[in-house]
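Participant: coords please:
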Amino acid sequence: MRSTNHLRVVVVPFLIALGLLAPAGCQTTRSAGEIRQAAESAYERGEYERSLAEWEEYAVVYPVPRAADLGRGRALLALDRPAEAEPFLERVYLSDPQDEEVLEVYVGALFASRQWDKLTTLLRQRTQQPGRIEDYLRLGRYAQLMDDPDEAERALLSAARIDRGQTREPQFALAEFYHELGDDERALDRYAMALWFDYSDQQIAERIRSLGETPGRTFVQAPAEAVEEGLLAPGAAPPDPRP
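Facilitator: This is a model prediction of the structure:
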């Protein structure tokens, strides 16, 4: 009996020192906040398996679906497991459809998992409620990626029409679309309209040069939608570039 007690006195403190055995009454369970921080830190370091495991533990310790589902969905996407990520991200999206960051992640998961019918339905629904420029541009972008040029063109033209020729992005998106199709004439027209907003824009200038034309103030065109709305005359001079 004495030898057993003696052994316990020697071995137990040794195991505690190594962290293999917790002393009586000592709590080793991390708080939800600590687990979440560990999950986010692992993700930032690119340790996606570790991040996923941490988020799984977080979901048990603190069962608030939004944070855990978003964390697991992002980690699974980073691990190239989009089909597994999609249900988590769908729940997060449905909890707040107006969160643009979540929407982009969810849409990315649908595309990567090739759930293209579901993706198209979602993006079309977004253009109907209430039909923002951003929603049409998103539909156009993904329709291009899904090799549906007719859908893409309709969406991008709708974005330009709703915008009434007031901003660069719909014009540039249309120009890029036509450029990708190999329709140089219409691409140049839309690049010229995109250049209206800043004729010193080097990104657009490079695209125009690649198509064999010379960019600059004289190349600029007033956006077609602004002309149709009577907001600009066809030959209106562009504004001076922003300083």
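Participant: now do the strands in the chain.
Facilitator: For the chain, no strands are identified by DSSP state E.
Participant: distance of the nearest residue to R207 once chain neighbours are set aside from V220?
Facilitator: In space, R207 comes closest to Y191 once its chain neighbours are excluded; the distance is 5.5 Å by Cβ to Cβ, 6 or more residues apart in numbering. Backbone N, C-alpha and C define where each C-beta goes, glycine included. For Y191, the distance to V220 equals 10 Å [Cβ to Cβ, to the nearest Å].
Participant: equivalent analysis for Y58, please.
Facilitator: Look at Y58 and V220: by Cβ to Cβ, they are 53 Å apart.
Participant: now do R207
Facilitator: Between R207 and V220 the computed distance is 14 Å (Cβ to Cβ).
Participant: confidence-wise, which helix or strand of the chain is lowest on average?
Facilitator: For the chain, counting by mean pLDDT, DSSP states H and E, helix 2-18 ranks last in confidence among helices and strands (a mean of 46).
Participant: which residue is nearest the centroid of the protein?
Facilitator: E104 (3.5 Å; Cα atoms, centre = their mean).
Participant: gap between it and I35?
Facilitator: In terms of Cβ to Cβ, E104 sits 26 Å off from I35.
Participant: quick one, which of Y58 and V220 is more surrounded?
Facilitator: A count of neighbours by other Cβ atoms under 10 Å puts Y58 above the other of Y58 and V220, at 25 against 21.
Participant: pull the contacting residues for that one.
Facilitator: With contact set as Cβ atoms under 8 Å, 6 or more residues apart in numbering, Y58 has these partners: A32, I35, R36, A39, A67, A68, G71.
Participant: what about the nearest residue to P149 once chain neighbours are set aside, how many residues nearby?
Facilitator: Excluding the flanking residues, the one nearest P149 by Cβ to Cβ, 6+ apart is L181, at 6.3 Å. L181: 14 surrounding residues under other Cβ under 10 Å.
Participant: same question, L188
Facilitator: 21.
Participant: that one touches I208, doesn't it?
Facilitator: Yes. Using Cβ atoms under 8 Å, L188 is in contact with I208, at 6.7 Å.
Participant: quick one: the residue lying closest to L110 once chain neighbours are set aside from P234, how far?
Facilitator: Using Cβ to Cβ, 6+ apart and skipping residues adjacent in sequence, the residue nearest L110 is L119, 4.0 Å away. According to Cβ to Cβ, L119 stands 39 Å off from P234.
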